[in-house]
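**Student:** Show me the folded form of this:
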Amino acid sequence: MLVEQISELITHIRILSLNCVEQIIKWREYLNNIYNMNHIQFAPTGRVITIPYIYQSNNYILKIKTDLAFINYTKAKNYFHFTNKTDPFLLFTTQHL
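**Tutor:** Residues are numbered from 1 along each chain as shown. Sure thing, here's the model as predicted:
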């Protein structure tokens, strides 16, 4: 029962993390469209500007890489193997057999 619950939580973390990254990408695209629309009357640039999404003074896209580093220190490690490498979407997580 506990293994199924942990597995479900891992799935939710994956989905929510991916949704977060997708929304930040959409936000950046929106800002780029506004920038290019405002500057097209002067000189069409088609330029892409990269704007960091700052959360608690950190670029969240960079921070997400280490957000789940704590998971190796939880009881979940008794049931699942988590990589020691950066794995923000827990893609390399496997269940102990």
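
**Student:** hey, let's count contacts and neighbours off CA atoms from now on
**Tutor:** OK.

**Student:** Burial check on the nearest residue to residue 17 once chain neighbours are set aside, number of neighbours?
**Tutor:** Nearest non-adjacent residue to residue 17, counting by CA to CA, 6 or more residues apart in numbering: residue 89, 6.6 Å away. For residue 89, the neighbour count with other CA atoms under 10 Å is 20.

**Student:** For residue 89, grab phi and psi.
**Tutor:** Phi and psi for residue 89, reported as degrees, to the nearest 10, are phi -110, psi 10.

**Student:** wait, what's in contact with the residue nearest to residue 95 when sequence neighbours are not counted?
**Tutor:** Leaving aside its sequence neighbours, residue 95 sits nearest to residue 80 (CA to CA, 6+ apart; 4.2 Å). Residue 80 makes contact with 93-96 under the criterion CA atoms under 8 Å, 6 or more residues apart in numbering.

**Student:** ranges for the strands of this structure?
**Tutor:** 54-55, 58-59, 80-81, 94-95 (DSSP state E).

**Student:** As a markdown table, the ones you listed with distance to residue 21 would be great.
**Tutor:** Output for the strands of the chain, formatted as a markdown table (distance: least, CA to CA, whole Å):
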| stretch | distance to residue 21 |
| --- | --- |
| strand 54-55 | 13 |
| strand 58-59 | 12 |
| strand 80-81 | 25 |
| strand 94-95 | 23 |
